[in-house]
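Q: just a sequence and a predicted model for now, questions to come.
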Amino acid sequence: MQLPHVLAVSGVEAGGVRRLYFGRPRFVEHHHDATVQRNVVHYVTIPEFIFGWPRRTAKAGVMATFHRERSDMHVGILRTDTVRPEWASTHGEYPDMFERLLSEEATDLRFTTWNVEIGELPLTVEAADAYLITGSKSSVYDDKAWIRALEEFVRALHANRHKLIGICFGHQLVAQALGGTVAKSPKGWGVGINCYEIDRSALDLADGGEVCLIASHQDQVVALPPGARQIARNDHCEFAGMAIGDHILTFQGHPEFTPAYSREIMHFRREMIGESRVVDGLQSLEDRQHEGARVARWMLQFMRRQ
């Protein structure tokens, strides 16, 4: 796999959280070693990064991993897009939306965001207890280096059976990374509040046979990856959710969106989506109840399940 040749040095956050920026012939990990009050830089070569994701090579023999006793759950948000500036002040960025959604259902969460779109990724799958990939205006089949790097990380998470949630673009990227197929749907855009049939035999923590979520997508998963279970569908989107083992859960719909944000998107993309589809989508915001909080509870139960 060819990676971009741009070097950037990672930032450091409380609790030993580390970032990498995929770059030139090597990756740089930088953190503060609180035990000896010094800064330590670790270098990881590209072959080690690709073929031994959480293996690292440490400069001068210094160990690269911190262990902290925490009773909370650390959620790593893999951010794949930026909210339009005129909307961000009201609705927040996509990580803000997820933090707000999940924190309303649990008080023992902490979050770290990696901005994958600008080259950030966790250096090890163990950097968080569970990961969540956000939505994006990009398509997973776009020829972008950050998308290919994120696919590599998804494959590493899968190989390690590490907890992963994918939403919209995240749902599609996980499917593609693991052998599924994503394409632009001839059925057009899915917008507004869409209701999906839930297969409770494939998702045993679901508390009902239907769920309604805000949607905003034109691309769809059209073939599941090997080993995936279809968990959600409707007439517009056949594969609107999937699970793999006990470690991957994805949805096409957006539990983190609000009706107000959905309305902003539909008005902005009115010409792109099509007038009649926008009219129907706007009406669905009045006629149906968005059940994001319900899906958030499923996500949390899934992430906590051993």
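A: Yep, it's here.
Q: helices of the stretch 51-200 of the chain, residue ranges please.
A: 85-91, 94-103, 145-159, 169-177 (DSSP state H, counting those that start in this stretch).
Q: between those helices, which one is closest to Pro255.
A: Between Pro255 and those, the tightest spacing by C-beta to C-beta is seen for helix 94-103, at 6.1 Å. Placement of C-beta: from N, CA and C, glycine included.
Q: could you give the angle of that closest one to helix 169-177?
A: On the basis of axes from the mean of the first three to the mean of the last three C-alpha atoms, to 10 degrees, helix 94-103 is oriented at 100 degrees to helix 169-177.
Q: residues making contact with helix 94-103?
A: 75, 77, 79-83, 91-92, 109, 111, 113, 132, 134-135, 255-258, 261, 292-293, 296, 299-300 (C-beta atoms under 8 Å, 6 or more residues apart in numbering).
Q: in strands only, show me those residues.
A: 75, 77, 79, 109, 111, 113, 132 (DSSP state E).
Q: the fourth one bridge partners, please.
A: Just to be clear, that refers to Leu109. Taking DSSP bridges as the rule, Leu109 bridges to Met73.
Q: can you tell me how far it is from Glu93?
A: Leu109 sits 17 Å away from Glu93, going by C-beta to C-beta, to the nearest Å.
Q: low pLDDT regions in the stretch 51-200 of the chain?
A: Low-confidence segments of the stretch 51-200 of the chain (pLDDT under 70): 51-71.
Q: burial of Asp143, as a residue count?
A: Burial of Asp143 is recorded as 7 neighbouring residues (other C-beta atoms under 10 Å).
Q: got the contact list for it?
A: By C-beta under 8 Å, 6+ apart, Asp143 has no neighbours at all.
Q: now the two most distant members of the ones in strands among the contacts of helix 94-103.
A: Largest separation among the ones in strands among the contacts of helix 94-103 by C-beta to C-beta: Arg79 and Leu109, giving 16.6 Å.
Q: and these two? Which one has more around it.
A: Arg79 (21 against 17).
Q: wait, the more buried one sits on Thr112?
A: No - when contacts are counted by C-beta atoms under 8 Å, Arg79 is not listed as touching Thr112 (10.5 Å).
Q: list of residues touching stretch 164-172?
A: So stretch 164-172 is in contact with 78, 80-81, 130-136, 138, 140, 154, 157-158, 173-174, 182, 216-217, 219-221, 241-242, 247-256, 299, 302-303, going by C-beta under 8 Å, 6+ apart.
Q: then that stretch to PDB, C-alphas only?
A: C-alpha atoms of stretch 164-172 as PDB (Å, rounded to 0.1, in the frame of the first residue of the first chain):
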ATOM      1  CA  LEU A 164     -15.800  -0.600  16.600                       C
ATOM      2  CA  ILE A 165     -19.000   1.300  15.700                       C
ATOM      3  CA  GLY A 166     -19.500   2.800  12.200                       C
ATOM      4  CA  ILE A 167     -22.100   5.300  11.300                       C
ATOM      5  CA  CYS A 168     -23.200   6.200   7.700                       C
ATOM      6  CA  PHE A 169     -19.800   6.700   6.000                       C
ATOM      7  CA  GLY A 170     -18.300   4.700   8.800                       C
ATOM      8  CA  HIS A 171     -20.800   1.900   8.100                       C
ATOM      9  CA  GLN A 172     -19.800   1.900   4.500                       C
END
